[in-house]
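Engineer: turn this into a model:
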Amino acid sequence: MGVFGALVTLGLFAYEILGIKKCHGLMAAGRRIEMLWGVENGQFKTRPQKVARIVNEPFAAGIIYPTVLAAWTFFAFAFVWPEGNPCVPLLLLAAGLAATLVFDELLKRADAKGANAPEASGSSETRESGGRPTPIRPPVVK
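Structural biologist: Numbers count the residues shown, from 1 in each chain. All right, here's what the predicted structure looks like:
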């Protein structure tokens, strides 16, 4: 039972990380569109990034999923390898949190790299104006 719970939790954690990565990509695309359209206070540019400088989506996932994985591992080892408790679950908890924090740092670096690259928008207007985006207005639908 504990092994099944641990595997399900690991699968959900992997799916959560994939969702965070997709969400990050969509938000970066939204920021590029706002930049191209000249939107000053758009929801992607002005989105709150963190609470108390640390709490964001990867951090929350890094707390929740490794904790549940550690609990299931504790349960699985309780009868099979009691000497391994609580060391193995605590190591899983620490490794999961550390891996998630590294993932968050990689996302931040990719974000900073994309924001500093003049080619980030992929448009010729940015290249021709010396790296500054030329606002492009959205089409007006009548």
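Engineer: all strands for this protein, in order.
Structural biologist: Applying DSSP state E to the chain gives no strands.
Engineer: any regions of it where pLDDT drops low?
Structural biologist: 115-142 (pLDDT under 70).
Engineer: for the residue nearest in space to the middle of it, which non-adjacent residue is closest in space?
Structural biologist: The centroid of the chain falls nearest to Ile20 when counting by Cα atoms, centre = their mean (4.0 Å). Spatial nearest neighbour of Ile20, excluding adjacent residues (Cβ to Cβ, 6 or more residues apart in numbering): Glu57 at 5.2 Å. Yep, even glycine has a C-beta here, placed from its N, CA and C like the rest.
Engineer: ditto for Ala99
Structural biologist: Residue nearest to Ala99 in three dimensions, not counting chain neighbours: Gly62, with 7.6 Å by Cβ to Cβ, 6+ apart.
Engineer: pretty sure that neighbour contacts Thr100?
Structural biologist: Yes - at 2.8 Å, Gly62 counts as touching Thr100 under the criterion of Cβ atoms under 8 Å.
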